[in-house]
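Enquirer: what follows is a predicted structure for the sequence shown.
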Amino acid sequence: MPKDNLTDIRTFIVVAREGSFTKAAAKYGVSQSAVSYSVRMLEERLGLRLLARTTRSVSPTEAGQRLIDRLAPIFAKFDDELIAMTELRQQPAGTVRISSVEHASETILWPALRPVMEAFPDINIEINNDYRLIDIVAGRFDAGVRLGEQVAQDMIALRIGPDHSQITVASPAYIGRKGMPGLPHDLMDHDCVLLRLPTSGGLYPLTYAKGGEEVIVRPNARAIFNTVPMMLNSVLDGIGTTAFPDDIVAPLIAEGRLVQVLADWTPTRPGYHLYYPSRKQPSPAFSIVLDALRKHKAQALAPV
């Protein structure tokens, strides 16, 4: 029974964190019924209801949350020690999980980590794009990537990208139809394309800066998406206007497919940082990922 308890408790923790038997089953690569059976057996042995089940989700009961609070850190420590054992191997191995956003993943993470996967066949990389400011420890991620202003103070932070400008753009067809806004607040009378924030459910505002003055605009949205590529396609199709990082739209402006809007009000955003818990001892695989990102940053910022 002790072995069953260990397996079932680990399964229960994953179900509780995912909020779904289906997602937990996908994570383990087993059937949903097997996951459900494992949790049910644990509840029967303990004589306690650990999960409150609804038709759409599951969440831990008071007893379930107590079990998570007490045992999840022990399982995490156990996993960390097993990962640390890879130091005894000649070839670093293991999976490095990173929570990021599409822009950082495409422009920084993948270019830096693709050579790692080629050089170290036993190192696996998982990049999970998610605009939520998640708890990377609870989510069992090794690290997260966000803008510098969004990194928690209790994390070790490594800058992996330069500051970038947020350029507001629109298609020539849209400008011909709606005209060119002269001030940020003029956008209140324009069609805008906005990003839905999954954490709060709100819409990401448009921020502008000029001469030390910052203006935040919350215009009405003509189109709302939860991914940047869909926003960009919408703007290219002439649906509305919005802001993107400069490296995304600069080539499109040069090609004449987009027009810069409110150029005098272009703000600068802090660069992307990789962050991870200060108490976490980096595994050999994670140390190699850190070195690769440092090298990529140095090459990107090197004078031409």
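Expert: Yep, that arrived.
Enquirer: low-confidence ranges, the stretch 1-150 of the chain, go.
Expert: Low-confidence segments of the stretch 1-150 of the chain (pLDDT under 70): 1-4, 83-90, 149-150.
Enquirer: show me where this structure has helices.
Expert: 2-18, 21-28, 32-46, 62-84, 102-104, 110-119, 172-178, 228-236, 246-254, 284-301 (DSSP state H).
Enquirer: which one of those lies closest to residue 160?
Expert: Proximity to residue 160 (Cβ to Cβ) singles out helix 284-301 among these, at 4.8 Å. C-beta coordinates here come from the backbone N, C-alpha and C atoms, glycine included.
Enquirer: between the closest one and helix 62-84, how big is the angle?
Expert: Here the directions of helix 284-301 and helix 62-84 differ by 80 degrees (axes from the mean of the first three to the mean of the last three Cα atoms, to 10 degrees).
Enquirer: list the buried residues in helix 284-301.
Expert: For helix 284-301, the neighbour count (16 or more other Cβ atoms under 10 Å) marks 284-286, 288-290, 292-293, 296-297 as buried.
Enquirer: residues contacting stretch 53-69, please?
Expert: 9, 12-13, 15-16, 19-21, 46, 48-52 (Cβ atoms under 8 Å, 6 or more residues apart in numbering).
Enquirer: can you put the residues you listed in JSON lines and add neighbour count and distance to residue 70?
Expert: Below are those laid out as JSON lines (neighbours: other Cβ atoms under 10 Å; distance: Cβ to Cβ, whole Å):
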{"residue": "9", "neighbour count": "21", "distance to residue 70": "10"}
{"residue": "12", "neighbour count": "25", "distance to residue 70": "13"}
{"residue": "13", "neighbour count": "21", "distance to residue 70": "11"}
{"residue": "15", "neighbour count": "27", "distance to residue 70": "17"}
{"residue": "16", "neighbour count": "22", "distance to residue 70": "13"}
{"residue": "19", "neighbour count": "15", "distance to residue 70": "20"}
{"residue": "20", "neighbour count": "18", "distance to residue 70": "23"}
{"residue": "21", "neighbour count": "23", "distance to residue 70": "22"}
{"residue": "46", "neighbour count": "15", "distance to residue 70": "13"}
{"residue": "48", "neighbour count": "14", "distance to residue 70": "13"}
{"residue": "49", "neighbour count": "13", "distance to residue 70": "17"}
{"residue": "50", "neighbour count": "25", "distance to residue 70": "13"}
{"residue": "51", "neighbour count": "21", "distance to residue 70": "16"}
{"residue": "52", "neighbour count": "12", "distance to residue 70": "19"}
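Enquirer: and which of those is nearest to residue 148?
Expert: Among the contacts of stretch 53-69, residue 19 lies closest to residue 148 (Cβ to Cβ), at 30.0 Å.
Enquirer: spit out the contact partners of that closest one.
Expert: 57-59.
Enquirer: neighbour-wise, which of these leads?
Expert: residue 58 (20 neighbours; other Cβ atoms under 10 Å).
Enquirer: one step back: in TSV, list the contacts of stretch 53-69 along with distance to residue 191.
Expert: Below are the contacts of stretch 53-69 laid out as TSV (distance: Cβ to Cβ, whole Å):
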residue	distance to residue 191
9	52
12	48
13	46
15	43
16	42
19	36
20	37
21	42
46	56
48	54
49	50
50	49
51	45
52	43
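Enquirer: where in the stretch 151-300 of the chain is pLDDT low?
Expert: 151-153, 198-201, 279-281, 300.
Enquirer: where do the strands sit along it?
Expert: Secondary structure of the stretch 151-300 of the chain, counting by DSSP state E, counting those that start in this stretch: strands at 155-159, 164-170, 192-195, 206-210, 213-217, 221-225, 242-245, 259-261, 268-269, 272-277.
Enquirer: helices or strands up against the fourth one?
Expert: It stands for strand 206-210. strand 164-170, strand 213-217, strand 242-245 (3 or more Cβ pairs under 8 Å, 6 or more residues apart in numbering; DSSP states H and E).
Enquirer: and those: which comes nearest residue 278?
Expert: Of all those, strand 164-170 comes closest under Cβ to Cβ, at 26.8 Å.
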